[in-house]
Every structure is written in structure tokens, then in C-alpha cells.
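Asks: model this:
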Amino acid sequence: MITTMEQVNEMIPTAKRRRVDEALDRHETAESNKEKQVEPPKCYVSLLVLKMEECLGNLGIKDVDMAELERMSVMIYESMSISSRDYHSVQHVFDISNDMTKPIPILSALFHDCVYFHVDKRLTTAQEELLQGTYTADERGNLEFKASSEDYDDELLKLVEFLFSFKPGQKLEKGLNEFLSALIAVRCLKKFLPMHQLAEIACCIEATIPFRPANPETKLQPTEHLFSRLLEANKKFKLEMKDDEMEQAIHKAVKVAGNDVQNFASTDVYDFLDGTWSLLPEQNENLRMQYCITAMDLQRALNGMYGFFNLYLKPENVFDEFRGVPSQKEMDWKLELCKRNVCIAKKYVGAKLYAMSVVAAFACLTGGDGPLSLFLGDLKSNKSLLQHTNFDDFLPECTLDQLKKCDKVVYHILKEGRKAETQFDTKQSPISAYLYSILGDERLTEILNTVELLPMEEENAWLILKALPIEALETLSNALKNIALSRTKKFEKLMERLREEMK
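Replies: Have a look, this model is predicted:
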């Protein structure tokens with residue numbers, strides 16, 4: 001008796017067996033197609049529409065007008081697709097809501113970065129309409145944002161202002177983007193949701209104001225103060241929320257806030273650096289001009305990023321907790337990852353900053369600033385038919401003794417490159433890796449703490465170059481003059497003076 005498929009196959013001639021196999025494959029494919037669900041839409045607007053419909057359905061709102069969902073989705077899409085956005089694009093809202101299951105946090109995530117005014121520099125037409133009562137414009141069109149006056153009649157606006165702790169007539173600065181985004185969210189959703197759920201959404205978006213320390217007077221965390229304001233708002237605006245519902249509202253807010261900064265607790269430092277790098281063109285408008293970025297443009301951008309990691313950011317202020325959510329174990333784990341990522345990023349950015357300062361100093365002393373491509377060659381991403389310049393060809397290899405002074409992870413990222421390309425920078429950083437290997441962590445940190453890198457004027461430029469050994473200056477000068485051919489003689493004259501003064 002034949003009992004196995006192998007025995008059956010042995011009894012069927014090869015060509016016939018192939019036809020049988022193909023027939024079976026077609027049958028299996030047809031059966032599997034019946035079970036396949038409809039593929040998700042291929043455009044962000046439709047994804048936003050479906051996500052909103054699902055969330056509102058889970059909140060008991062049925063038969064929602066698709067045209068209304070489309071209007072809100074288009075508004076979010078337009079807000080986050082402005083050319084100034086890179087990290088905070090539409091994809092960001094799906095990244096942070098990916099593991100969320102509750103509708104209020106998901107809706108909050110969809111709206112939470114609609115406004116990014118200091119980056120976008122303007123409001124869209126839809127935003128202007130939704131934010132009436134929050135701004136005035138001068139004759140040049142410049143906007144000033146203030147909280148409403150005490151007698152302004154808009155209960156929903158008053159609720160959001162109260163939850164954000166804004167006083168009547170106060171000029172809005174800290175938390176401006178989050179406040180305006182929250183107001184857009186609740187004004188869009190007010191026809192669907194009751195006041196207490198709108199308050200929850202406002203709390204979720206308020207919690208995304210980043211990197212806040214405990215209050216120096218009360219010693220309480222921002223989430224505790226937000227909870228206190230929600231308690232007061234519950235009475236003041238008759239929200240009719242129970243105590244446990246208000247506590248759950250802040251737990252939802254903590255979830256949204258934690259997901260918004262989840263990159264800081266990435267287990268992959270390369271992903272963390274890629275996220276950090278995509279923020280640079282948002283904060284530095286000149287970096288969006290792909291073919292016109294100058295050496296000093298990139299130096300200034302890196303200086304700002306280094307200042308953020310070195311002076312402003314404290315890992316203990318990145319993640320929020322509220323009454324056991326997240327657990328202490330999770331908070332400790334996130335803090336350790338955050339400290340590791342920030343430590344590596346600080347060293348990485350510091351090495352990049354000094355290397356670009358050296359290039360900018362050479363530029364300053366040989367004729368002035370110029371496009372990066374003049375000194376380093378065209379970027380691979382540029383529309384150039386020329387062979388890409390590999391700066392590594394001009395630089396010596398790092399020795400094992402030199403590596404002992406460096407963080408090996410940082411050196412490897414500089415040498416081998418980040419994961420993702422950007423339009424303003426290469427993944428690999430050959431000059432940074434070379435200088436980092438020569439200087440090591442201790443000497444590099446000393447230079448960054450003692451040498452004035454900005455403004456890039458002649459006096460500072462000399463100090464930046466003289467912080468390096470003359471051998472390193474010779475190596476870099478030879479490389480730069482082979483690319484910036486119009487400055488060859490000036491590089492040679494500069495090096496003559498450096499040799500003389502550094503004897």
C-alpha cells in the first residue's frame with residue numbers, strides 16, 4: 001500500500017509529476033486567495049481615514065461621514081508633509097501609534113504633531129481656520145500666539161488652555177506646538193466626542209511636551225501636575241469623570257508621551273542616530289538646500305545638536321511615569337538605554353562637530369565659506385555624473401594604539417557609517433573617524449570645552465587648526481587641496497604659516 005507523498009511521486013513520470021505539482025500549486029493559491037484580506041491602502045490619507053473610523057467606532061460612534069474623516073485626514077497629511085518636515089512626517093504618527101490599542105491615545109497620536117510652528121514658520125489655511133482665537137497677525141503677516149482673554153467665550157478653548165496651565169492673555173511659548181495641535185484635535189473631533197474624551201485627548205498631547213524636569217518647588221513630575229489640573233478641570237468644566245477615569249486618562253497620556261520619545265530607548269544605537277540625524281534639517285533650514293549646503297552651515301547645525309546633548313538633555317527627563325505606569329522595571333530599563341544612546345550620540349556628534357569645524361576653519365583661512373562639495377566632493381545623492389570622491393583614499397588607517405583612546409562603537413559608526421543616507425551628509429564620516437582616532441575621547445572633549453568653534457572667524461579658525469598635530473593638518477590639507485583645486489596655492493601658503501608657528 002502506498003502511504004506517503006514521496007512514494008506517490010516516485011511512481012509518477014517526471015513531466016507528468018510536474019504538471020500534477022503545478023495543478024496542486026494553482027489550487028492552493030486559489031484557496032489561499034479566498035482567505036486573503038484586502039490589502040491596506042497605499043496612501044497615507046486613506047490610512048488616516050481608516051484609523052480614525054476604527055477609533056471612533058471603538059468609542060461607539062457609528063456611521064461617520066467619510067467626507068468628514070477625509071477632511072481631517074487631509075488636514076493632518078498637509079500639516080505633516082510640508083517640506084520642512086523630515087522626522088516629524090506623517091509616518092511618525094503611525095510609528096508611535098503602532099502598538100497602541102486604545103482609541104483615545106491613537107487619536108491623540110494622529111493629531112499630536114500637526115503644528116510645528118518654529119520649524120514650519122507658518123500655518124496652513126486649514127490650521128488658520130481651526131486655530132481662530134489663539135493668534136494675531138501684524139501687517140507683515142507675522143503671527144503672535146496668546147491665550148484668550150478672561151471674557152473670551154469658547155469653553156473648549158478655555159478647557160485646553162486650562163489643561164496646559166496657560167493664564168488668560170499669556171504669551172504662548174513653551175508647549176506652543178503641543179497646545180495648538182491639541183486644540184486642532186479637539187475642535188476637529190468635538191462633533192463626535194463628549195467633552196471628557198476631548199479633555200483626555202488634550203491631556204495626551206500635553207504630555208508630549210518633551211524633556212521636562214520635576215517642578216523645583218513641588219518636586220512633582222509634570223504628569224502629577226497634569227493630573228491635578230485635570231481634577232480641577234473636571235469640576236470647573238463639569239466633565240463628570242470619576243477618579244479612576246482621570247487616573248486612566250493620565251496613564252493614556254504617559255503612553256503617548258513615551259511612544260513619542262521611544263527612539264531614545266532604542267536597543268539599536270544606529271536607529272537612534274538615524275532618528276537624530278533626520279531632526280537636523282528640521283532645526284536648520286539651510287540643510288534643506290541639498291546642493292547649496294556650506295561647510296559653515298553644517299558646522300552650525302552640528303554645534304546646535306552637540307549643545308542639545310551636552311548641555312540641555314538629561315536622560316532622567318526623557319520618559320514620564322505616573323503612579324506605576326510604566327513599571328519601575330521598565331523605567332529603569334528605558335533610562336539605561338537612553339543613557340547609553342545619549343552618551344554615544346554625544347561623542348559621535350562631538351567628533352563630527354570638530355571635524356566639520358576643521359574643514360570650516362580651512363575654508364575661512366583660504367578664501368571663505370563655500371559649498372561642502374567644494375571641499376569634500378559631491379555627495380552620492382547629488383545629481384553628479386562625476387566619480388564620487390572617497391575622502392578615505394587620502395587618509396591613513398587608524399592604529400590599534402590609537403583605538404585604545406576611543407570608544408570603539410563611536411569609531412566604528414564614524415568609519416563604517418550610519419544606516420540611513422541623508423540629503424545633506426554621507427553615512428560614513430572619514431575625516432571625523434581620522435581625527436577621533438588621533439585625538440581620542442579625552443583630548444577631543446578638552447578641545448570642545450576650551451576652543452571657541454563659533455563664530456567662525458579668523459581668530460577662532462587658527463585656534464581650531466592649532467589644536468591638531470601638524471602631521472594631521474598636513475594630511476587634511478593635502479586631501480582638501482586635491483579637491484578644492486581653486487584654493488591649492490592658498491592651502492600651501494596656509495600650511496607654510498602653520499608649520500612656522502607650530503614649531
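Asks: quick check: longest helix of the protein.
Replies: helix 328-365 (DSSP state H).
Asks: Near residue 362, how many other residues are there?
Replies: When neighbours are counted by other CB atoms under 10 Å, residue 362 registers 26. Placement of C-beta: from N, CA and C, glycine included.
Asks: From residue 344, how far off is it?
Replies: 28 Å (CB to CB, to the nearest Å).
Asks: Next: residue 405.
Replies: Taken as CB to CB, the span from residue 405 to residue 344 is 16 Å.
Asks: Compare those two (neighbour count), which wins?
Replies: residue 344 (19 against 16).
Asks: Would you check that that one makes contact with residue 410?
Replies: Yes. Between residue 344 and residue 410 there is a contact under CB atoms under 8 Å: 5.9 Å.
Asks: Now do residue 4, the pLDDT please.
Replies: With respect to pLDDT, residue 4 has a value of 41.
Asks: Enumerate the strands of this protein by residue range, in sequence order.
Replies: Per DSSP state E, the chain carries strands over the ranges 135-137, 143-145.
Asks: With mean pLDDT added, can I get those in TSV?
Replies: Below are the strands of the chain laid out as TSV (pLDDT from 0 to 100):
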stretch	mean pLDDT
strand 135-137	95
strand 143-145	96
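Asks: from those, which stretch is densest packed?
Replies: Ranked by mean neighbour count, the strands of the chain are led by strand 143-145 with a mean of 15 (mean count of other CB atoms under 10 Å).
Asks: And that strand, what does it pack against?
Replies: Under the contact definition 3 or more CB pairs under 8 Å, 6 or more residues apart in numbering; DSSP states H and E, strand 143-145 sits against strand 135-137.
Asks: List of residues touching the strand it packs on?
Replies: 123, 143-146 (CB atoms under 8 Å, 6 or more residues apart in numbering).
Asks: now with 6 Å?
Replies: 143-145 (CB atoms under 6 Å, 6 or more residues apart in numbering).
Asks: same check, this time on stretch 213-227
Replies: Against stretch 213-227 from outside (CB under 6 Å, 6+ apart): 203, 212, 250, 317, 320, 322.
Asks: where does this structure have low pLDDT?
Replies: Scanning the chain with the threshold set as pLDDT under 70 gives 1-38, 40, 290, 380-389.
Asks: how many other residues sit next to the closest residue to residue 264 other than its chain neighbours?
Replies: The spatially closest residue to residue 264, leaving aside those adjacent along the chain, is residue 338, at 4.6 Å (CB to CB, 6 or more residues apart in numbering). Residues near residue 338, counting by other CB under 10 Å, number 23.
Asks: same check, this time on the one 3 residues further on
Replies: As a burial measure, residue 341 scores 25 neighbours (other CB under 10 Å).
Asks: wait, isn't it in contact with residue 274?
Replies: No. Using CB atoms under 6 Å as the test, residue 341 is too far from residue 274 to be in contact (11.6 Å).
Asks: shared neighbours, those two?
Replies: Counting by CB under 6 Å, 6+ apart, nothing touches both residue 341 and residue 274.
Asks: Show me the helices in the stretch 151-300 of the chain, by range?
Replies: Counting by DSSP state H, counting those that start in this stretch, the stretch 151-300 of the chain has helices at residues 155-163, 176-189, 195-206, 222-236, 243-260, 269-283, 295-307.
Asks: quick one, what contacts residue 234?
Replies: residue 241.
Asks: could you measure it against residue 258, distance?
Replies: Separation of residue 234 from residue 258 (CB to CB): 24 Å.
Asks: go on, residue 301?
Replies: Counting by CB to CB - residue 301 and residue 258 are separated by 28 Å.
Asks: circling back to that earlier point, just send the contacts of stretch 213-227 back as CSV, with neighbour count too.
Replies: Output for the contacts of stretch 213-227, formatted as CSV (neighbours: other CB atoms under 10 Å):
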residue, neighbour count
203, 29
212, 17
250, 22
317, 16
320, 26
322, 22
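Asks: For these, work out which two are farthest apart.
Replies: Farthest-apart pair in the contacts of stretch 213-227 is 203 and 317; separation 19.1 Å (CB to CB).
Asks: thinking again about what came up before, turn the strands of the chain into CSV, including distance to residue 424.
Replies: Putting the strands of the chain into CSV (distance: least, CB to CB, whole Å) gives the following:
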stretch, distance to residue 424
strand 135-137, 32
strand 143-145, 28
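Asks: Among these, which comes closest to residue 292?
Replies: strand 143-145 (27.9 Å).
Asks: now that closest one: how far from the chain's centre is it?
Replies: 25 Å (CA atoms, centre = their mean, to the nearest Å).
Asks: List of residues touching that strand?
Replies: Under the criterion CB under 6 Å, 6+ apart, residues 134-137, 172, 176 lie in contact with strand 143-145.
Asks: Closest one to residue 468 out of the residues you listed, please.
Replies: Using CB to CB, the contacts of strand 143-145 come closest to residue 468 at residue 176, 42.4 Å.
Asks: ok, that closest one - contacts?
Replies: So residue 176 contacts residue 145 (CB under 6 Å, 6+ apart).
Asks: Look up how far residue 118 lies from it.
Replies: Applying CB to CB to residue 176 and residue 118 gives a distance of 8 Å.
Asks: likewise residue 101?
Replies: 33 Å.
Asks: Show me which of those two is the more surrounded one.
Replies: residue 118 (12 against 9).
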